[in-house]
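[1] Build me a structure from this.
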Amino acid sequence: MRTRVGIVFQNSDNQVFAPTVYQDVAFGPTNLGLDPEIVRHRVADALHAVGLVGCERRPPHHLSGGEKKRVAIAGILAMEPEVLVLDEPTGSLDPATAEEIVDLLDELQAAGTTILLSTHDVELAHRWADEVCLMHEGRVLRQAPPGEIFADQMLLRKARLKPPAVIELYGELVLRGIVEWGVPPKSVLEFTDLVERRRKDRVPRDETGTIYVCDADASTGDDLRSLIDGGSVDYVGAMGTRAKKFANREVILLDFTYGVIDKCILKALVGENSLIVTTGGMVDHVFRRIQEYGIESGRELMARPLTGALQSTPPGDGSLRNGIKEGD
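    Here you go, the predicted model:
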């Protein structure tokens, strides 16, 4: 079981103990009795995944809280688990660092890792989880999609939790007859669509903006700068540790560092262009999320890979019935 399931503690100081980052990450695979060369490869891959390449010789007690959390996650990733269990992964972190950890979890999930997350943060659970298991005093109260869990006021009161802000606001608008009760929105994007559809004087835009997508692992700063300096994009966002490090290294200013996909969709809906910088499996995830939004909303969006930046074809057939147009 220990080779298949990895656990990241709430307090990283209880998990990160070795004299250097490299030794700490290597501890697990070394104790599996793996060949030293395999251990080196696993440590390198794990540190690359969490954005800590170059920190191998640093003492863990010199790291920030967010960096320690990354080391703890890297130590588990080096074991190559099928399931990653995290206890309050954003606890005791500042909001920006917490969002970076969530970004990292998104990358791991996109790469095929199942993630089980324990948290009291209803905002995080509501917008991030595919399935929520609500517990109280050691017993399961209910297991369901987040929309069903957090729309049940009686259930939340029993668990001594408050509803996410977006659902609380949604409930107030329902009481005032501004919107009709239905499936509660999960995000600002869904909430905006809901309210906009209720406007009787709404005039749909003829054209939406373009969302460019760049794979930072297969691109250069010059590719991005030519797009930005040429005035083709109004906003730039980065998803994932490696993408943010790439943007920082190439001195590319970021407008969005969390909630990037939804924010870029919101900008596209008002005719503005944006660029999403990401890596690995997150590239396909971006196209898939935009496509799913197009299908659900019936809005036509243009999602275009940055020329020469993507090695794989985005999912979807590019037809208007899927609500997305894919550029060449």
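
[2] After the helix or strand where residue 275 lies, which helix or strand is next?
    Per DSSP states H and E: residue 275 is located in strand 274-278. Next helix or strand after strand 274-278 toward the C-terminus (DSSP H and E): helix 281-297.

[3] other SSEs contacting the following helix or strand past that following helix?
    Remark: after helix 281-297, the chain's next helix or strand is strand 301-305, criterion DSSP H and E. Judged by 3 or more Cβ pairs under 8 Å, 6 or more residues apart in numbering; DSSP states H and E, strand 301-305 is in contact with strand 210-215, helix 260-269, helix 281-297, strand 324-326. (Glycine included, C-beta is placed from N, CA and C.)

[4] what's the closest of the ones you listed to residue 73?
    Residue 73 lies closest to helix 281-297 among these, at 16.4 Å (Cβ to Cβ).

[5] how much does that closest one deviate in direction from strand 274-278?
    Interaxial angle, helix 281-297 versus strand 274-278 (axes from the mean of the first three to the mean of the last three Cα atoms, to 10 degrees): 140 degrees.

[6] May I have helix 281-297 as CSV, with CA atoms only?
    Taking Å, rounded to 0.1, in the frame of the first residue of the first chain, the C-alpha atoms of helix 281-297 are listed here in CSV:
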residue,chain,number,x,y,z
GLY,A,281,-0.7,17.8,-19.4
MET,A,282,-2.1,21.2,-18.4
VAL,A,283,-2.0,22.2,-22.1
ASP,A,284,-4.7,19.7,-23.1
HIS,A,285,-6.6,20.5,-19.9
VAL,A,286,-6.8,24.2,-20.9
PHE,A,287,-8.3,23.3,-24.3
ARG,A,288,-10.6,20.8,-22.8
ARG,A,289,-11.9,23.3,-20.2
ILE,A,290,-12.5,26.0,-22.8
GLN,A,291,-14.3,23.4,-25.0
GLU,A,292,-16.5,22.2,-22.1
TYR,A,293,-17.5,25.8,-21.3
GLY,A,294,-18.4,26.4,-25.0
ILE,A,295,-20.6,23.3,-25.0
GLU,A,296,-22.3,24.2,-21.7
SER,A,297,-22.9,27.9,-22.5
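
[7] Any regions of the protein where pLDDT drops low?
    Within the chain, the ranges that satisfy pLDDT under 70 run 199-206, 307-328.

[8] Run through the helices of it in chain order.
    Along the chain, the segments classed as helices by DSSP state H run 21-31, 36-50, 65-77, 95-110, 122-128, 146-150, 153-158, 165-175, 188-198, 221-229, 241-249, 260-269, 281-297.

[9] okay, those helices in CSV with mean neighbour count and distance to residue 135 next?
    Formatted as CSV, those follow (neighbours: other Cβ atoms under 10 Å; distance: least, Cβ to Cβ, whole Å):
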stretch, mean neighbour count, distance to residue 135
helix 21-31, 21, 28
helix 36-50, 18, 29
helix 65-77, 24, 23
helix 95-110, 18, 20
helix 122-128, 19, 12
helix 146-150, 20, 11
helix 153-158, 14, 11
helix 165-175, 16, 19
helix 188-198, 16, 26
helix 221-229, 15, 44
helix 241-249, 20, 30
helix 260-269, 23, 28
helix 281-297, 20, 29
